[in-house]
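> prediction below, plus the sequence it came from.
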Amino acid sequence: MKNLLNLTLRRSIIYASIVLAGSIPVYYFILNKLWLYEMDEHNIILTEEAGKEDSFLIISAVTILTVIFFGLLIGGLVLMNRRISKRLWTPFYDSLAKIKGFDLNKQTPIQFEETGITEFAELNKNLQKLLTSSISAYNQQKEFVDNASHELQTPLAIVQSKLDLLLQSQSLTADQYDIIEDAHKALTRVSRINKNLLLLARIDNSQYNDNETFDLSNAIEKSIDLSTQFADVKQLHIESDIQPSQIVTGNKALIEILINNLLNNAIRHSTPNGTIHISLKNNEIRFANNGSDALQSDQLFKRFGTANSQTPGTGLGLALVKQIAERHQWKVGYQFFQQQHIFTVAI
Amino acid sequence: MKILIIEDEPDLAQSIAAYLADENYHCELAGTFNEALEKIDLYHYDCVLLDISLPGGNGLKLLEELRAENKQEGVIIISAKNAIDDKIKGLQIGADDYMAKPFHLSELAARIYSVIRRKQFGTTNIIEQNELRIDLLAKTVSIEGKEIPLTKKEFSLLLYFVSNKNKVISKSALAEQLSGDIADMFDNYDFIYAHIKNLKKKLQEAGYGNYLKTLYGTGYKWVI
């Protein structure tokens, strides 16, 4: 990639060198002509050898002069170009730096400086317009998710309550009970998806306090404790290596969700009788469980990126993990190594 | 027992009332802020179910009103918002519990039951059912004076059944109750069986009659 300033400078230098190089034979020709004319005028006759020597002298003089002037010209050009361009392009680089620093998630407003140059003013005006519309589209989308999932809660609650009531009717047959139970199951899934969407939107909207200080080791131990009942059903063995009293600062409720989601994933996707390794050391939380094939790491952390009928999750668990980690400037990673899915969070 | 259901969604309010009606509860409904305010001022209730977003005002204002008048009603907030802030604020103003929509009616009944017990039986909070004796404060269960060692989960399961007696409780409601927020949906509900089996076994060994019936294969009912 070429720098804009160097691009113009290089062109000028190439042009100057061509012109100056081309001027050498012209100078020589003209000087030679003048020289011969003057000698004719004064009836001076040179030997062939002297003539050659003169030509040689003229050419060298012209060449040396040209090179000196070329040097002066280039030096001047470079210096001037640098100073002028710097001043000229300052507003452009200013705007560039501002756009670079812009984060749609944080949305600190950008104020471009007055430039007094039509082109840059135009550019800044349009950049501003583009940014404003991006911000408003982004906010609208976030608000939409928040509102939509919020509005869905009440009808979901109605359906749930009606199913619970239906369950109480005396004349229910076993088949009908099963149908209600299936509906319940699907409804639970919708509710969970909805709750997670709402949570994602809330995290986006920064509605959480991030200044709690708490014991991460404890939180992980607690989560393992609560999840054991699910692991037992699949005869999974949980091995943990938790460095004690690791204190972190962040939002406790959200971090607990992060831990639970990763742990639940490990349980859900383990083959029966497997072992899940959980560790917290060297500022890294690590979950490893056995598996047969590597997962698509580019899709893994996207919303609904991994949702399909085989994996009955909400499709939002890992998206939440990523979002929560990013909020705390933590880094999540995934690798498949020796038939193990390994999820890490660097804290 | 009188219960006031403040909820602007009539379908939901009626479902709740219908479910609670058999349980010796008398339910009254209020669909708007003003209607609720009037009822709160005039009558006394054992428990108030309170939706936060109401036509005519914020439900939290009603809660403030209740507490300002020094009324000791048990209050359970039922909200579609599920925002942590709302929850904290509600509990700070003096709500006794908070439930996010959607919820199972059996879960709601269990919460109402425990809020009323907490409010009305301060120091000696003991439930007696036939030969069963549950001490809510000490969290112990005994049959004819003999204590039964229950795990935390088994104890909360037993309370859940006792507060939903003669009701059919579905597997998914139990799963929700047992796993709480942690299970971001496990398709496999097998973990319930282990807890129920253990609870049943412990009760039977201590000589308690078989009140916990299995219905339709996977549902449960505490028959008294």
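Structure received.

> stretch A:212-220 close to chain B?
No: with C-beta under 8 Å from any C-beta of the partner chain as the measure, stretch A:212-220 is seen stopping short of chain B, the closest distance being 11.7 Å. C-beta coordinates here come from the backbone N, C-alpha and C atoms, glycine included.

> now do the buried residues in that stretch.
A:216-217, A:219-220 (16 or more other C-beta atoms under 10 Å in any protein chain shown).

> and these, which is closest to chain B?
Distance to chain B across the buried residues of stretch A:212-220 (C-beta to the nearest C-beta) is lowest for residue A:219, with 12.0 Å.

> is it correct that the closest one is in contact with residue A:252?
Yes: applying C-beta atoms under 8 Å, one finds residue A:219 in contact with residue A:252, separated by 7.2 Å.

> still on that earlier bit, okay if I get the buried residues of stretch A:212-220 as TSV plus secondary structure, pLDDT and distance to residue A:106?
Output for the buried residues of stretch A:212-220, formatted as TSV (DSSP: H, G, I helix; E, B strand; the rest coil; pLDDT from 0 to 100; distance: C-beta to C-beta, whole Å):
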residue	secondary structure	pLDDT	distance to residue A:106
A:216	helix	93	25
A:217	helix	94	31
A:219	helix	92	27
A:220	helix	94	29
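
> I'd like those residues laid out as a markdown table, including distance to residue B:46.
As requested, the buried residues of stretch A:212-220 are arranged in a markdown table below (distance: C-beta to C-beta, whole Å):
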| residue | distance to residue B:46 |
| --- | --- |
| A:216 | 42 |
| A:217 | 43 |
| A:219 | 37 |
| A:220 | 41 |
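
> mind giving me the domain split of chain A?
For chain A, automatic domain parsing gives the domain ranges A:4-100, A:144-204, A:212-346.

> which one of these lies closest to residue B:65?
domain A:144-204 (23.8 Å; C-beta to C-beta).

> report the contact partners of the residue nearest the centre of chain A.
Against the mean C-alpha coordinate of chain A, by C-alpha atoms, centre = their mean, the closest residue is residue A:103 at 9.8 Å. Residues in contact with residue A:103 (C-beta atoms under 8 Å, 6 or more residues apart in numbering or on different chains): none are found.

> quick one, strands of the chain?
As the question left the chain open, I've gone with chain A. A:212-215, A:237-242, A:247-250, A:275-281, A:284-290, A:331-337, A:340-346 (DSSP state E).

> chain B is the one I meant
In chain B, strands defined by DSSP E lie at B:2-6, B:26-30, B:47-51, B:53-54, B:57-58, B:74-79, B:97-100, B:126-129, B:132-135, B:140-143, B:146-148, B:168-169, B:212-215, B:219-222, listed in chain order.

> and the second one, C-alpha only, in PDB?
This means strand B:26-30. This file holds the C-alpha atoms of strand B:26-30, laid out as PDB (Å, rounded to 0.1, in the frame of the first residue of the first chain):
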ATOM      1  CA  HIS B  26     -60.200 -16.200  47.500                       C
ATOM      2  CA  CYS B  27     -58.900 -14.100  44.600                       C
ATOM      3  CA  GLU B  28     -59.900 -10.600  43.600                       C
ATOM      4  CA  LEU B  29     -58.800  -9.000  40.400                       C
ATOM      5  CA  ALA B  30     -57.600  -5.500  39.600                       C
END
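
> the helices in chain B, which residues?
B:10-21, B:33-42, B:59-68, B:84-93, B:105-120, B:152-162, B:171-179, B:190-205 (DSSP state H).

> who are the packing partners of the shortest one?
Helices and strands in packing contact with helix B:171-179 are listed as helix A:174-204, helix A:216-233, helix B:105-120, helix B:152-162, helix B:190-205; criterion 3 or more C-beta pairs under 8 Å, 6 or more residues apart in numbering or on different chains; DSSP states H and E.

> neighbours of residue B:130, just the number please.
10 (other C-beta atoms under 10 Å in any protein chain shown).

> residue contacts, it?
Per C-beta under 8 Å, 6+ apart, neighbours of residue B:130: B:208-209, B:211, B:224.

> please tell me how far it sits from chain A.
Computed as C-beta to the nearest C-beta, to the nearest Å, the residue B:130 to chain A distance reads 23 Å.

> please apply the same query to residue B:115.
19 Å.

> now residue A:166, nearest residue through space, not along the chain?
residue A:180 (5.8 Å; C-beta to C-beta, 6 or more residues apart in numbering or on different chains).

> the one you found contacts residue A:169, doesn't it?
No: the pair residue A:180 / residue A:169 is not scored as a contact, 9.9 Å apart, by C-beta under 8 Å.

> okay, now the domains of chain B?
According to automatic domain parsing, the ranges for chain B are B:2-120, B:126-222.

> the longest one - what's its average pLDDT?
Model confidence over domain B:2-120 averages 89 on the pLDDT scale.

> distance between the ends of that domain?
13 Å (C-alpha to C-alpha, to the nearest Å).

> repeat for the last one
End-to-end span of domain B:126-222 (C-alpha to C-alpha): 18 Å.

> now the stretch 151-300 of chain A, which segments are flagged as low pLDDT?
A:207 (pLDDT under 70).

> run the last query once more with 50
Applying pLDDT under 50 to the stretch 151-300 of chain A flags no residue at all.

> how close does residue B:8 get to chain A?
Residue B:8 sits 9 Å away from chain A, going by C-beta to the nearest C-beta.
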